[in-house]
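Engineer: next one to model:
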Amino acid sequence: MKENYFEFIDTKEKAYWLGVLYTEAYMETRNQKPYRLRIQIGNLEKLKIISKTCKKFDS
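Structural biologist: Residues are numbered from 1 along each chain as shown. Got it, this is the predicted structure:
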C-alpha cells in the first residue's frame, strides 16, 4: 500500500476501511522510533480484505 493511500478519501471503500482502521487499530511509538499502526490478530480477515481493496485501487 502506498504511504499516502488514504490522503484523499475518494471512494466508498476507502472511507469504510479507514473507519475500520480508526476503530480497530491503534498507533504506538517506542524508543523514539516512528509510529507504528497496530491491529489485533483477531482482525486478520479484515486486514486481508483491506489489502485486496487497496491493491485494487492502488494501481
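
Engineer: mind listing the strands for the protein?
Structural biologist: Here the chain has its strands, by DSSP state E, at 25-28, 36-39.

Engineer: tell me the mean pLDDT for the last one?
Structural biologist: Yep, that's strand 36-39 we're talking about. Strand 36-39 carries an average pLDDT of 67.

Engineer: same check on stretch 51-59?
Structural biologist: Averaged across stretch 51-59, pLDDT comes to 67.

Engineer: again, but for stretch 12-27
Structural biologist: 79.

Engineer: list the buried residues for it?
Structural biologist: Under the neighbour-count criterion of 16 or more other CB atoms under 10 Å, stretch 12-27 has Lys14, Trp17, Leu21 buried. For glycine as for every other residue, the C-beta is placed from the backbone atoms N, C-alpha and C.

Engineer: got the CA positions of it in CSV?
Structural biologist: Coordinates of each C-alpha in stretch 12-27 appear next as CSV, following Å, rounded to 0.1, in the frame of the first residue of the first chain:
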residue,chain,number,x,y,z
LYS,A,12,-16.7,4.4,-0.5
GLU,A,13,-14.3,1.5,0.0
LYS,A,14,-11.5,3.9,1.2
ALA,A,15,-13.9,5.6,3.6
TYR,A,16,-15.2,2.3,5.0
TRP,A,17,-11.7,0.8,5.6
LEU,A,18,-10.3,4.0,7.0
GLY,A,19,-13.2,3.8,9.5
VAL,A,20,-12.3,0.2,10.3
LEU,A,21,-8.7,1.1,11.0
TYR,A,22,-9.7,4.1,13.2
THR,A,23,-11.9,1.9,15.3
GLU,A,24,-9.9,-1.4,15.4
ALA,A,25,-6.3,-0.2,15.3
TYR,A,26,-4.0,1.9,17.5
MET,A,27,-0.7,3.7,17.0
